[in-house]
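# got a structure for you, letters missing:
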């Protein structure tokens with residue numbers, strides 16, 4: 001009986017990792033991925049950026065999701081170019097997180113004029129509109 005209880009507990013303990021990055025470090029082959037897996041601060045920045053990105057993707061209409069995914073793919077290529085440079089990778093995460101956060105509007109965004117700093121603003125019909133379509 002004790003053996004039946006110990007096995008699930010051991011599985012849970014060994015499945016939890018010290019890092020909390022958004023990708024599996026076992027499969028990280030690029031230098032920047034290995035760096036993120038070895039650095040708790042970069043791992044945390046990765047998690048924060050991914051959380052903002054996923055929340056934005058949940059709220060955006062389909063046509064903006066495609067654009068956001070393409071931007072994210074381009075950002076990832078740029079981050080890979082940092083290789084083992086911690087400062088470069090950190091800067092990429094901070095800049096991308098700021099960029100993604102700027103896409104969200106404040107609760108009273110419908111009352112503001114077009115001089116806001118966000119790239120998108122909430123629209124009563126579909127959630128977000130690119131500035132060029134306003």
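Great, that's in hand. Computed from a predicted model, the values in this text were never measured in an experiment.

# Could you use CA atoms for every contact and neighbour count after this?
Noted.

# The closest residue to residue 80 other than its chain neighbours in helix, strand or coil?
Of all residues not flanking residue 80 in the chain, residue 32 sits nearest, at 5.7 Å (Cα to Cα, 6 or more residues apart in numbering). When classified by DSSP: H, G, I helix; E, B strand; the rest coil, residue 32 comes out as helix.

# Run through the residues that contact residue 32.
By Cα atoms under 8 Å, 6 or more residues apart in numbering, the contact set of residue 32 is 79-85, 89.

# can the residues you listed go into JSON lines with extra columns for neighbour count and distance to residue 46?
Below are the contacts of residue 32 laid out as JSON lines (neighbours: other Cα atoms under 10 Å; distance: Cα to Cα, whole Å):
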{"residue": "79", "neighbour count": "19", "distance to residue 46": "11"}
{"residue": "80", "neighbour count": "16", "distance to residue 46": "13"}
{"residue": "81", "neighbour count": "15", "distance to residue 46": "16"}
{"residue": "82", "neighbour count": "17", "distance to residue 46": "14"}
{"residue": "83", "neighbour count": "16", "distance to residue 46": "15"}
{"residue": "84", "neighbour count": "16", "distance to residue 46": "15"}
{"residue": "85", "neighbour count": "13", "distance to residue 46": "15"}
{"residue": "89", "neighbour count": "24", "distance to residue 46": "10"}
